[in-house]
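Peer 1: Take a look and give me a structure for this.
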Amino acid sequence: MSGCAEKNRPLDNLIKHTIILAPLLAINTKIKIYSIIILPVVLCGCETWSLTLRETRKLRVFENRVLRRIFGPKRDEVAWE
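Peer 2: The predicted model follows:
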């Protein structure tokens, strides 16, 4: 998987700087972009991977990082007094 992860580095940069941080896109649109365009590219050839625990963790980290960028920082419901 390391070869595929290296290939996806430009995709990660694209996610960081353009698509996910675009303030004009709605959250639903960003999620659709992620699930329709980004996720299939990341999982290219996954049918032939023999996933280890480490690789599974890397995929989860990537997905969590993208979702954090889509939803933004966590906001507490408690108002500061």
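
Peer 1: element containing residue 55?
Peer 2: Here residue 55, judged by DSSP states H and E, is contained in helix 53-71.

Peer 1: Can you point out the buried residues in that helix?
Peer 2: Going by neighbour count (16 or more other C-beta atoms under 10 Å), the buried part of helix 53-71 is 55, 59, 62, 66, 70. Yep, even glycine has a C-beta here, placed from its N, CA and C like the rest.

Peer 1: helix, strand or coil for residue 21?
Peer 2: Secondary structure state of residue 21, per DSSP: H, G, I helix; E, B strand; the rest coil, is coil.

Peer 1: Could you pull up the residues touching it?
Peer 2: By C-beta atoms under 8 Å, 6 or more residues apart in numbering, the residues touching residue 21 are residue 69.

Peer 1: where's residue 64 relative to residue 71, distance?
Peer 2: Using C-beta to C-beta, to the nearest Å, residue 64 is found at 11 Å from residue 71.

Peer 1: buried ones in stretch 23-34?
Peer 2: Buried residues in stretch 23-34, defined by neighbour count with 16+ other C-beta under 10 Å: 30, 33-34.

Peer 1: and which of the residues you listed is nearest residue 47?
Peer 2: Nearest to residue 47 out of these is residue 34 (C-beta to C-beta; 20.6 Å).

Peer 1: Quick check: closest non-adjacent residue to that closest one.
Peer 2: Nearest non-adjacent residue to residue 34, counting by C-beta to C-beta, 6 or more residues apart in numbering: residue 66, 5.8 Å away.

Peer 1: Tell me the pLDDT of the one you found.
Peer 2: As predicted, residue 66 sits at a pLDDT of 86.

Peer 1: cool, and the one 4 residues further on?
Peer 2: Residue 70 carries a pLDDT value of 85.

Peer 1: so it makes contact with residue 32?
Peer 2: No. Assessed by C-beta atoms under 8 Å, residue 70 is found out of contact with residue 32, at 10.6 Å.
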